[in-house]
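**Student:** Give the three-dimensional model of this entry:
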Amino acid sequence: MSAMNRLDLDLTELGAQAVNAALLDTPASRLSALTAVFAQCGERANIYYCPDMAAADFVRWAALDYQEARRAARRRAVVTGV
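**Tutor:** Now for the predicted structure:
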């Protein structure tokens, strides 16, 4: 697998994990799941040329996916009156 395909796959999978973390019910469970996602970011970054930069990018993109999913969940809660 090429490096670009691997990067795309890693970003997609980590983003999906972050979105799943954002949709959990309690803050404690969201924190636990997001911590696991960040740990995965570090582990997956080890295969790249510059692991520190890759880990920072993975965490940045995972955090953005998490934030977007939380905003969407809060918007849905407001619209439905929950």
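**Student:** which secondary structure element contains Ser29?
**Tutor:** helix 27-45 (DSSP states H and E).
**Student:** Packing partners of that helix?
**Tutor:** For helix 27-45, the helices and strands in contact under the criterion 3 or more C-beta pairs under 8 Å, 6 or more residues apart in numbering; DSSP states H and E are helix 3-22, helix 51-80. Every residue, glycine included, has its C-beta placed from N, CA and C.
**Student:** my guess is Ala69 contacts Ala22, does it?
**Tutor:** Yes. At 3.6 Å, Ala69 counts as touching Ala22 under the criterion of C-beta atoms under 8 Å.
**Student:** ok, those two, which is more surrounded?
**Tutor:** The residue with more neighbours, out of Ala69 and Ala22, is Ala22; 21 against 18, by other C-beta atoms under 10 Å.
**Student:** tell me the contacts of the more buried one?
**Tutor:** Counting by C-beta atoms under 8 Å, 6 or more residues apart in numbering, Ala22 touches Arg30, Leu34, Asp65, Tyr66, Gln67, Ala69, Arg70, Ala73.
**Student:** separation between it and Ser32?
**Tutor:** Distance from Ala22 to Ser32, counting by C-beta to C-beta, to the nearest Å: 13 Å.
**Student:** low-confidence ranges in this protein?
**Tutor:** Confidence mapping of the chain against pLDDT under 70 gives the ranges 81-82.
**Student:** right, and Ala45 touches Ala55 too?
**Tutor:** Yes. With contact defined as C-beta under 8 Å, Ala45 and Ala55 form a contacting pair (3.7 Å).
**Student:** Correct me if wrong: Val59 contacts Cys41.
**Tutor:** Yes. Counting by C-beta under 8 Å, Val59 touches Cys41, with 4.9 Å between them.
**Student:** This completes my enquiry, with thanks.
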